[in-house]
Each structure stands twice: as structure tokens, then as C-alpha cells.
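> Please find the sequence and the predicted model below.
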Amino acid sequence: MQHAALARAASWAAAGGHPRLAKRYAAGADALALALHGFWSPADGFYRSRLPGPD
């Protein structure tokens, strides 16, 4: 949810003529996308809330 909010805020800021703010929001969205990548389950088709720990 926060990734989507930051991505939309980046578009909104860019459209409003605030390129530096748009860049900051986009960087935050990109960082979250990288962090979320490890939680995606292609087999299940959704993001898992936690990853399994070591045995």
C-alpha cells in the first residue's frame, strides 16, 4: 500500500511542477519495490506477510 501511495505521489508532484519532490517520492517507491520483491510468491500470486526463517 505504501509503495502505491509513493508512486502516485511522485506522479502528482511531477504533474504539479515539483520535480525534486517527485524524484524523492519515486526513490522511496523504488526502494520499497526492491524490498517487496523478496516477499512475492509467484506460485500463490500475492505478497507474503513474512518469510520463513532458518531451521
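Noted; the coordinates are in hand.

> if I look at the residue nearest to Phe46 when sequence neighbours are not counted, how far off is Arg48?
Residue nearest to Phe46 in three dimensions, not counting chain neighbours: Trp40, with 7.9 Å by C-beta to C-beta, 6 or more residues apart in numbering. Where you see a C-beta, it was placed from the backbone N, CA and C, and this is true even at glycine. Distance of Trp40 to Arg48, given as C-beta to C-beta, to the nearest Å: 8 Å.

> Kindly report the same for Leu36.
Using C-beta to C-beta, we find Leu36 at a distance of 10 Å from Arg48.

> Check Trp12 too.
Applying C-beta to C-beta to Trp12 and Arg48 gives a distance of 30 Å.

> Can you give the distance from the lengthiest helix in the chain to the centre of its chain?
For the chain, the longest helix by residue count, based on DSSP state H, is helix 19-37. The chain centre lies 6 Å from the centre of helix 19-37; the measure is C-alpha atoms, centre = their mean, to the nearest Å.

> counting contacts, what elements does that helix pack onto?
Contacts defined by 3 or more C-beta pairs under 8 Å, 6 or more residues apart in numbering; DSSP states H and E place helix 19-37 against helix 2-15.
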